[in-house]
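> Got a predicted model here, sequence first, then my questions.
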Amino acid sequence: MTVLVDRDTRVVVQGITGHQGTVHTRQMKLFGTQVVAGVTPGKSGSEVEGVPVFDSVRDAVERARANAACIFVPAPFAKDALIEAVDAGIRLATVVTEHIPFHDMLVMYHYAKAKGTRIIGPNCPGIASPGKSKVGIIPNVVFRPGRVGVISRSGTLTYEIVNGITEHGLGESTCIGLGGDPVVGTSFVDALPLFEADPETDLLVLVGEIGGTAEEDGAEYIRHHFSKPVVAYIAGRSAPPGKRMGHAGAIITRGRGTAESKVAALESAGAKVARFPYEIPDLVAGALTEKGRR
Amino acid sequence: MTVLVDRDTRVVVQGITGHQGTVHTRQMKLFGTQVVAGVTPGKSGSEVEGVPVFDSVRDAVERARANAACIFVPAPFAKDALIEAVDAGIRLATVVTEHIPFHDMLVMYHYAKAKGTRIIGPNCPGIASPGKSKVGIIPNVVFRPGRVGVISRSGTLTYEIVNGITEHGLGESTCIGLGGDPVVGTSFVDALPLFEADPETDLLVLVGEIGGTAEEDGAEYIRHHFSKPVVAYIAGRSAPPGKRMGHAGAIITRGRGTAESKVAALESAGAKVARFPYEIPDLVAGALTEKGRR
Amino acid sequence: MVKLSEWRGKEIFRRHGVPLPRGAVARSAEDAEALVRDGRVPLPCVVKAQVLAGGRGKGGAVRFATSVEEARAAAAAILGLEFKGEKVKEVLLEEKLAIGRELYLSLTLDRSLRLPILIASAQGGVEIETVEDAQIDRQPVHPFPGLTGYEKRRAAKVLGLTGGAARALDRLLEAVWTVFEQEDAELVEINPLATVGDGLVALDAKVIIEDDASFRHPEYAEIRDDRTPLEEIAREKEIAFVQLDGNIGVIANGAGLTMATLDVLKEFGGAPGVFLDLGGTDDPKKVTEAFLLMAEARPAAVFLNIFGGVTRCDTVATGLVAAMRQVPAERRFPLVARIRGNNEAEGIAILRAAGVTSVPSLKESAQAVVAAAGGRP
Amino acid sequence: MVKLSEWRGKEIFRRHGVPLPRGAVARSAEDAEALVRDGRVPLPCVVKAQVLAGGRGKGGAVRFATSVEEARAAAAAILGLEFKGEKVKEVLLEEKLAIGRELYLSLTLDRSLRLPILIASAQGGVEIETVEDAQIDRQPVHPFPGLTGYEKRRAAKVLGLTGGAARALDRLLEAVWTVFEQEDAELVEINPLATVGDGLVALDAKVIIEDDASFRHPEYAEIRDDRTPLEEIAREKEIAFVQLDGNIGVIANGAGLTMATLDVLKEFGGAPGVFLDLGGTDDPKKVTEAFLLMAEARPAAVFLNIFGGVTRCDTVATGLVAAMRQVPAERRFPLVARIRGNNEAEGIAILRAAGVTSVPSLKESAQAVVAAAGGRP
């Protein structure tokens, strides 16, 4: 394993019989992921995309040896689904579901943490390691195996940026879309050590956005503990203060949390900060050349 | 440190201005414990037995560098007191308080566990390592430094047994009184690995009683993971089924939980089981001689 | 441990939304008749003795009635019973429902897991101890998230409930969980839980409330337990006091030491009659009260076995000597004392001044008290 | 995000036991007069505009009255106001209390800690942003044990409350914590929290409910937010739609890509006027609806920037082409499209058949739409 997933990752898709669950089971399998089980209560015995469906995660773990979960169940049931996965012994859970109340996510996060389960998300693209495994919904087409790590709070913007890196002739080691909700299971600070320790990652691209202070916290970590080159981008520099930009993660708060404070923190931690997404590939290539890694 | 406490253990006594808190602060100091702080809300600035009193555990940690707590506060407030200690960064808390509702203790246990704090108790004598430190209420007079470890669910019976070992000319490495409540922070299974790893313990005395299955669970651990000699005693062999013997830990339940099942489990795990407390010292001495340790 | 009678348990169930048969309590045959006559209890109905012991059905403590007269007669018959040593003072009258299957459900504590545990079985209506293990499902429930959807689904599967009945179970489980947590219960048991059409009804209720949580529940303070009168007095004085079948009184401190003392007495042929656990007091008055309570129980001999910790030896000796002066001559009994531990020397001196010798060896002191009580009974 | 007006927040407070001044809402001067005349609002009283913006005191939106006539006049005056762009439709009349100190208290979320955070300051009655940091105390609260005694004691110390007032704070904090958790609040703020004798009273209430929890709270569904009419329609259709000041309409998918698109447009001199985030739909009808909504906003030009993931490029293209047929001629606008990602080739083909060319470069497509909208405005 390099960062969280590898060829031995055995995924159970919770909510596999729903439209999203079915579509992305197929996509994950096309990516090369071992999707070994699906869960939809009451649908055990059926199959989706050739994957056996069980009534519970416990059955999926016991009978199909699942060790990672990808959760698509609707928001009102997402908390239950995550706790079920934790209790069944799952130690990596990507929660794709959006619109989970943050009060639910507080319970999910602290319960999972106490039990040693890592959550990616919610409302997130998930994790992908090209040539190994994908647990989530990032489009397969954007990837090529390589040595650039990517962590991002955004969804489609991540695809856009990964695609740009790939089109530039580079490739990715692992990409994690953390999700932009107020409470996320894995933040920049949590993800950075994984890439620092990953021998397959030479450089990290960090994609943030306005709202919250996750980027500032990440910059602080980079300053003290991260030795690899970092290229960053912050979306929302032009956003008017106080207007909501689509989700709660994008409210501009006073002081910290602005695009300016994030860019300043990252630059002072030694990151090269792109002003626009299309500047990222050149910055990445430049930093790799500088390091003698390309 | 050998088992949980040593000369660097710095105790904050929560409820220090109460009668019990004051008496045992004095006793702990006489034992050699570094009692560095007391906490009683509203009493900061005063002193008890020469120990400064603070309003909060946070103050005791910040200003007196306390790293262990001994809790004497009344049962209705014990949950709050323990959570305060955990949140202040205390990682070892002896809860002497009795009659804490088990529903409260469930919250205390799981919260402390998630934060990495070990609880001893509640309703327990605490821990003592002669010549090093004591966090709790075991009478000082019964101890002499030595190489016998003791773990027990009882209170005064523990004192009786430790006293017997000492009077026989032996001595103790560390003694932990786990408490006999339905939910305890540290059970036999939790305490056994500490003594297995302790270079200062040659032999372990395990004192159990009827009710629950903590002794059976402990025996299972001993069978597979404990390499040192074990001498055991189970109180309550003559107790009539179904009668309460003073606390909830002493209800006889069907099947497992009887004196017979406990004795059988311990014997089959290789422990020598005393029939009466006064047989323990001879069994200990015999086992040590056999091991060539005396 | 406060064991609630069925109707008190059901009062709590009702408050939290657990579905129940319509019914009411009567304390006389006249009350019972009135309840049925004015329709508060529909006919046909069942009349059940409100006692704590199980096995009421086989023991004649449950009867059925199809008319006002039968209800009155059933109540009259049951209210006269003494059931397993307990006088029947109350009967619960409930409508007799057309039930389908009888299921079992309970919530209690798993000490090893340190978690509440939800126990379910499709084999309800019989004592759960008689159901084979493979038919009983156990699910731990973590108090932080509380009961979750997947746990409820598993319970429904185990109980063979689908559709509307499964939804009814969801609601019922939420209610039972709330009872367990908010009422500080040690046990919440529904046996049988009956299917009635597409719904569920709790036909019985067994709720045990934890004593230690009484500071949060003054409402349970007045409910009597299955204690003897002396045990009740002891409870009021906060002394742990249990009556057994023998003739030796044992005063010790701490449950473990008390039990060890009984074990040793029995080994030497003694028969403990009362045991009294002083616990962790260091108030001589409490020791005096305990000793006087022991005198009430008329023991053939008394064994005082104290290891001083929180309770100091001199405290016990002082309290004991004070009590001895108050016991009338006709109630005097032989006393063997063994006091060790904190302030041992001071305690021994006080006892000696009152003419009592402390025997340091547990074995020898136990043998002495068995002899004093007249040997093997 | 459902921002509740003061009186709605206070309704919630009242339900959970937060102490409040006696008062009532009026929607006309006559109502206000009646409330005071029949004693439901005691005199002297305060009359407050029910608007979401802050700074009411300085803005003339709060008045005092010592008689029925004054109350009527105050209500009449305030009900005519337009306060910071918001028409005043309701006033809250409340008794004017003899208050002591003004304190600040709130509960909200700390995203970095992933914990609720209790914020307290003895400097209440002013905007908390203007209070210096050293005067503001922050305590994280873990949802498993909930608010604990030591946290309440610390809050009391920070607020300078002792004795009866500290006990009042205990109860108030429990109530506020319950509001925060049970009502799925993002923010519960009391500013000022006033001391009145030995007690505490919440003089204001600011409660923000989380949108995502609306499935648990149908009761908030009808409460309007500070949305424009088009934003309200978008909300009903579950489309994220925000109106800004410029003239370029932006349709993108995902908040991050939408913001990045605005950033690039601005760089090249464009002024975004509306942005519309399709989110993760793959229903062409929703794309059509979004596009028609955009047409309602009368943009000078529209930039469609889609990166296909969950939303496939062909879905967007299909929805877009369907919408273009429905837009009346007088509402047509120049369109620059850029669609990438999943099913890109299929999407481009569908657009091409409808006469629209997809520009693959973000930079070039942004420049094109700025030019189409008439350059720098």
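Here it is on my side, so go on.

> Against which helices or strands is the lengthiest helix in chain C packed?
When chain C is scanned for its longest helix (criterion: DSSP state H), the result is helix C:163-182. For helix C:163-182, the elements it packs on are helix C:6-16, strand C:102-110, helix C:149-159, strand C:185-196, strand C:199-202, judged by 3 or more Cβ pairs under 8 Å, 6 or more residues apart in numbering or on different chains; DSSP states H and E. Using the backbone N, CA and C atoms, a C-beta is placed for each residue, glycine as well.

> Buried ones in it, by neighbour count?
By 16 or more other Cβ atoms under 10 Å in any protein chain shown, the buried positions in helix C:163-182 come out as C:165-170, C:172-181.

> And stretch A:163-178, by the same measure?
For stretch A:163-178, by 16+ other Cβ under 10 Å, it's A:163-166, A:170-178.

> Can you tell me the closest non-neighbouring residue to whichever residue of chain C sits closest to chain D?
Per Cβ to the nearest Cβ, C:Phe144 is where chain C lies closest to chain D, at 4.5 Å. Once flanking residues are discounted, C:Phe144 sits nearest to D:Phe144: 4.5 Å by Cβ to Cβ, 6 or more residues apart in numbering or on different chains.

> related to what we said a few turns ago, strands - which of the buried residues of stretch A:163-178 land there?
When the buried residues of stretch A:163-178 are checked against strands (DSSP state E), the matches are A:Glu172, A:Ser173, A:Thr174, A:Cys175, A:Ile176, A:Gly177.

> Now flag whichever of those residues is closest to A:Glu216.
A:Ile176 (18.9 Å; Cβ to Cβ).

> Test my guess that the closest one contacts A:Gly185.
No - applying Cβ atoms under 8 Å as the test, A:Ile176 and A:Gly185 come out as separate, 10.8 Å apart.

> Give the intersection of the neighbour lists for these two.
Overlap of the contact sets of A:Ile176 and A:Gly185 (by Cβ atoms under 8 Å, 6 or more residues apart in numbering or on different chains) consists of A:Ile120.

> Look up how far chain C lies from the residue in the stretch 51-200 of chain A positioned nearest to chain B.
Residue nearest to chain B within the stretch 51-200 of chain A: A:Ala114 (3.5 Å; Cβ to the nearest Cβ). Here A:Ala114 is placed at a distance of 8 Å from chain C (Cβ to the nearest Cβ, to the nearest Å).

> Spatially nearest residue to that residue (excluding sequence neighbours)?
Closest to A:Ala114 by Cβ to Cβ, 6+ apart is B:Ala114, at 3.5 Å.

> Closest to chain B out of the buried residues of helix C:163-182?
The shortest gap between chain B and any of the buried residues of helix C:163-182 belongs to C:Glu181, at 6.5 Å (Cβ to the nearest Cβ).

> measure the closest one to A:Arg118 for me?
Distance from C:Glu181 to A:Arg118, counting by Cβ to Cβ, to the nearest Å: 29 Å.

> do the same with C:Glu183
For C:Glu183, the distance to A:Arg118 - Cβ to Cβ - is 37 Å.

> neighbour count winner among the two?
A count of neighbours by other Cβ atoms under 10 Å in any protein chain shown puts C:Glu183 above the other of C:Glu183 and A:Arg118, at 23 against 19.

> Fine, thanks again, bye for now.
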